[in-house]
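Participant: Here's my sequence, what's the structure:
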Amino acid sequence: MIRAFRWDDYDSVAAVWVAAGADVLPRPELEQKLTRDPELFLVAVAESGITGAILGTWDGRRGWIFRLAVDPAHRRQGIATDLVHELEQRFSALGCPRINLLVLPHNEAGLRFWQELGYLPAPDILCTKPLPQQSPVAHHSPDESHATGPQRRPQS
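Facilitator: Numbers count the residues shown, from 1 in each chain. Here you go, the predicted model:
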C-alpha cells in the first residue's frame, strides 16, 4: 500500500534511508518541507512495516523527486516503481507539467531505473550554495502594507 507519510513513520523511514545508503533528512528540515505539499511525501507499507519512501516537492512550476529509497530486503518487488507512479499521479492532479530529479553520476543502476520510467538525462549542470543556518522567517501576505518604494504624498 502507498500512502502519505505520517510523523509516526519517521523512525521507520529513517531506517529505510539508512539501509538504502542514503542520508537521513533531519526532523527540523522535514518539518519545514511538510508545511508545503505534505501529500507528496509517500511511503510504501507492507505487513512488516515501511518498505520504501519517496519525497516530492512542487514549486508551482515543476515537480521534483528526492530521496526515493526501498529497503534492500524488499527490492525487486516493484515498490520503487509503485511509489514513483503514485507520486506522478499526485503531481499530475496538481497540474504539474514536468518532473525533475537528480541522479548522482556514479549511480548507473539508478539512472537505468529512471530511464526505464521515461526520465531522460538533461545537459543541465547542478549548482549549489549552502546558506548560513537561520531561524525561518515568517512570510507576509501580499496585502500587508510593507513600503518597498517611494511613498506618494496625497495631492492637495
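Participant: which stretches of this structure have low pLDDT?
Facilitator: 135-156 (pLDDT under 70).
Participant: so where do the helices sit in it?
Facilitator: Along the chain, the stretches classed as helices by DSSP state H are 10-19, 27-33, 79-93, 108-116.
Participant: Which strands and helices lie in contact with the second one?
Facilitator: For helix 27-33, there is no helix or strand it packs on, judged by 3 or more Cβ pairs under 8 Å, 6 or more residues apart in numbering; DSSP states H and E. C-betas here are computed from N, CA, C, even on glycine.
Participant: residues of it that come out buried?
Facilitator: For helix 27-33, the neighbour count (16 or more other Cβ atoms under 10 Å) marks 30, 33 as buried.
Participant: swap in the third one?
Facilitator: For helix 79-93, the buried set under the neighbour-count rule, 16+ other Cβ under 10 Å, comprises 79, 80, 82, 83, 84, 86, 87, 88, 90, 91.
Participant: Using CSV, write out the CA atom coordinates for it.
Facilitator: Once non-C-alpha atoms are left out, helix 79-93 reads as follows in CSV (Å, rounded to 0.1, in the frame of the first residue of the first chain):
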residue,chain,number,x,y,z
ILE,A,79,7.9,-0.9,-4.8
ALA,A,80,10.0,1.9,-6.2
THR,A,81,8.0,1.9,-9.4
ASP,A,82,4.7,2.0,-7.5
LEU,A,83,6.0,4.9,-5.4
VAL,A,84,7.0,6.8,-8.5
HIS,A,85,3.8,6.2,-10.3
GLU,A,86,1.7,7.3,-7.3
LEU,A,87,3.8,10.5,-7.0
GLU,A,88,3.4,11.2,-10.7
GLN,A,89,-0.4,10.9,-10.4
ARG,A,90,-0.3,13.4,-7.5
PHE,A,91,1.9,15.8,-9.5
SER,A,92,-0.5,15.4,-12.4
ALA,A,93,-3.5,16.2,-10.2
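Participant: okay, the angle between it and helix 108-116?
Facilitator: Orientation of helix 79-93 against helix 108-116 (axes from the mean of the first three to the mean of the last three Cα atoms, to 10 degrees) gives an angle of 40 degrees.
Participant: Of all the helices of the chain, which one is nearest residue 50?
Facilitator: Judged by Cβ to Cβ, the one of those that comes nearest to residue 50 is helix 10-19, at 3.8 Å.
Participant: burial count for the closest residue to residue 94 other than its chain neighbours?
Facilitator: Residue nearest to residue 94 in three dimensions, not counting chain neighbours: residue 58, with 5.6 Å by Cβ to Cβ, 6 or more residues apart in numbering. Residues lying near residue 58 (other Cβ atoms under 10 Å) number 18.
Participant: I am finished for the moment; much appreciated.
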